[in-house]
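Asks: predicted model and sequence follow; I will ask about them next.
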Amino acid sequence: MCVLSGQAAQWISTIVIIAFALSVIVIRLRAARKPTNAKKILIPPLGMSTGFLMFVTPLTRVPLTYALAALLVGVLFSIPLIASSKLERHGGQVYLKRSPAFIVVLLVLLVIRIALHGYIEKYITIPQTGGIFFILAFGMLLPWRIVMYMKYKRFLKSFEATPELRESNA
């Protein structure tokens with residue numbers, strides 16, 4: 001049986017995180033080619049919220065101050081995502097338009113998260129680190145999606161929606 005050293009395991013973990021992050025970026029860019037609606041905006045944070053069940057397990061529990069700090073960092077990280085996401089209308093459909101800065105914002109956030117991960121895991125257990133970064137990711141996703149939903153509703157009201165636009169974006 002082959003056992004990896006701590007440093008080798010950390011490098012493999014980092015490479016896997018980067019691969020997953022890059023695949024998420026590709027998926028998000030492809031999704032921008034399709035029209036959006038209220039469900040597509042609101043379902044991801046609802047689906048992700050089930051991840052809080054991890055805290056049923058004592059191994060993943062963190063002090064409340066750590067959780068609040070992770071949530072605050074996530075909210076701060078959501079600001080560039082909010083600023084770089086816009087809506088536009090094409091042929092009676094609403095699309096999420098990504099600014100060219102969107103990819104740069106995601107990559108910079110990835111680098112910051114990897115750097116923070118390396119620092120934080122020195123002080124708490126690996127399951128707790130996972131919990132902290134889940135809270136950070138949720139803190140990033142939730143405000144971004146709430147603001148996008150509010151922008152979406154304002155966008156629909158900003159022009160006289162045709163019946164097909166109302167039906168396809170319900």
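Replies: Received the coordinates, thanks.
Asks: tell me which element the residue most central in space within the chain is part of?
Replies: Central residue of the chain (Cα atoms, centre = their mean): residue 141, 4.2 Å from the mean position. Using DSSP states H and E, residue 141 falls within helix 126-157.
Asks: likewise for residue 35?
Replies: Residue 35 belongs to no helix or strand, assigned by DSSP H and E.
Asks: residue 132 is in contact with residue 124, correct?
Replies: Yes. With contact defined as Cβ atoms under 8 Å, residue 124 reaches residue 132; the gap is 7.1 Å. To be clear about C-beta, it is placed using only N, CA and C from the backbone, and glycine gets the same treatment.
Asks: circling back: other SSEs contacting the helix holding residue 141?
Replies: Secondary structure elements in contact with helix 126-157, counted by 3 or more Cβ pairs under 8 Å, 6 or more residues apart in numbering; DSSP states H and E, are helix 38-48, helix 64-83, strand 85-90, strand 93-98, helix 101-120.
Asks: residues shared between the contacts of residue 124 and residue 132?
Replies: The overlap between the contact sets of residue 124 and residue 132 (Cβ atoms under 8 Å, 6 or more residues apart in numbering) consists of 62, 66.
Asks: ok, the two, which is more surrounded?
Replies: Counted by other Cβ atoms under 10 Å, residue 124 and residue 132 do not tie: residue 132 has more neighbours, with 23 against 15.
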